[in-house]
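Student: with the input below, show me the fold.
(chains A and B)
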Amino acid sequence: MKVVLRNPRREIELTGVKRVGDLFRRLDLVSESYLPIRAGELCTIEDAVDDEDVIELRPVISGG
Amino acid sequence: MKCRVCRQRAVIQVKRHHANFCKDHFIEHIHRQVAKTIDEYKMFVAADRLLLGVSGGKDSLALWNILNELGYAVDGVYLHLGIGDYSSESLNLSTNFAEARGLKLQVSDLPAEFGFSVPEAAAASRRAPCSACGLSKRYILNQIADEESYDVLVMGHNLDDEAATLFSNVLRWNTEYLARQRPVLPATNEGLARKVKPLIRVAERETAAYAVLQGIEYEVDECPMAAGNTINRYKEWLNRLEEDSPGVKAGFLFGFLERGVEHFPNADRPTLDSCRFCGQPTTSDVCAFCRLQAVTLRA
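Tutor: Okay, the predicted model is just below:
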């Protein structure tokens, strides 16, 4: 699967991820700090994913 | 995962409320949270003239949308900070949002009206860019609210903004700032506008989700000047705590507002005078904004 990250924008490839929650664990990211988006739709951490998916992990922290 | 209300597929989990929501019921939940905050803290009524600080980011555009849908008439003001393409893109997003909904947005241009940009001010004054930015925003938004007789200046600070700021103020025991960390700051005779924060019950992740679900296009990329920002680092730490203990951010902030802030009375607040140059409220002879402008223009 392709994972799109920002700040800076980059893409990484992962295989064998079963659920969105696993994605956060694999990348050691805090789910509270991101919105997972697939094909323009929000996902929850329990949603199933497969190797063909493109998931954007959109950061939500901003300002200062 | 099912929506708590209708049992349809959920699109978001809000752990601190032990709830999952579908799109429609999440939007309803957010509207309810904001309406509750406005009522509980008596922030404003429908007849008030409201001015919202708009940045082109998720929080201010989401809040504008929410207030509009709740039936409040709110004008927006965008402050162009002179941060290259980032400012131009944020302005476009704000303008597009306002035009699509028939809302009034005025633009104040820091370089054109005051002769300097935030990057120039940060370099000349050796302040952190976010400090020069915050100072400029507070000054100009207050000035516009005052000069154009708005009753209330509405800000898009969310739960995470407030919890991280509280964390920062507690780490430093900054009692003057703790005394002022309230959902409503009343207007003062010296010219400070009434300032309110209706999003304090809504987490940052929820304002972003609201914007996505409502099809609001906002500036997703972080400001290029904000790299290494301390408050953003605190937010990340608090989110790690939140993941382990859902509700910890809300408990921290609302515990302070309910039981802590009373121990930091406004007596800590210094007396305000008028700035010798611009007339805006200040604790010294010349206000911090005029000093920043002078230092930057001299450089």
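Student: how about the helices in chain B?
Tutor: Secondary structure of chain B (DSSP state H): helices at B:23-40, B:58-69, B:84-101, B:110-114, B:118-125, B:129-147, B:159-171, B:175-180, B:204-213, B:230-244, B:248-255, B:288-298.
Student: list the buried ones in the fourth one?
Tutor: Translated: helix B:110-114. Within helix B:110-114, the residues scored as buried using 16 or more other CB atoms under 10 Å in any protein chain shown are B:Leu110, B:Phe114. Every C-beta, even on glycine, is put in place using the N, C-alpha and C of the backbone.
Student: show me what it is in contact with.
Tutor: B:Leu79, B:His80, B:Leu81, B:Gly82, B:Phe116, B:Ser117, B:Val118, B:Ser136, B:Ile140, B:Gln293 (CB atoms under 8 Å, 6 or more residues apart in numbering or on different chains).
Student: let me see the backbone angles for B:Val202.
Tutor: phi -110, psi 120 (degrees, to the nearest 10).
Student: that older thread, dump the helices of chain B into CSV; add mean pLDDT as well.
Tutor: CSV is the format used below for the helices of chain B (pLDDT from 0 to 100):
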stretch, mean pLDDT
helix B:23-40, 98
helix B:58-69, 98
helix B:84-101, 97
helix B:110-114, 97
helix B:118-125, 95
helix B:129-147, 94
helix B:159-171, 97
helix B:175-180, 91
helix B:204-213, 98
helix B:230-244, 96
helix B:248-255, 98
helix B:288-298, 96
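Student: got the residues of chain B near chain A?
Tutor: B:1, B:10-13, B:20, B:55, B:57-59, B:130, B:160-161, B:203-205, B:207-209, B:212-213, B:220-223, B:226, B:229-232, B:235-236, B:239-240, B:242-243 (CB under 8 Å from any CB of the partner chain).
Student: out of the helices of chain B, nearest to A:Leu57?
Tutor: helix B:204-213 (11.7 Å; CB to CB).
Student: and the closest one with helix B:248-255, angle?
Tutor: Counting by axes from the mean of the first three to the mean of the last three CA atoms, to 10 degrees, helix B:204-213 lies at 110 degrees to helix B:248-255.
Student: what helices or strands is helix B:204-213 leaning on?
Tutor: Using 3 or more CB pairs under 8 Å, 6 or more residues apart in numbering or on different chains; DSSP states H and E, the elements in contact with helix B:204-213 are strand A:34-38, strand A:41-42, strand B:12-14, helix B:23-40, helix B:58-69, helix B:159-171.
Student: what do you get if the cut-off is 7 Å, keeping everything else the same?
Tutor: Judged by 3 or more CB pairs under 7 Å, 6 or more residues apart in numbering or on different chains; DSSP states H and E, the packing partners of helix B:204-213 are strand A:34-38, strand A:41-42, helix B:23-40, helix B:58-69.
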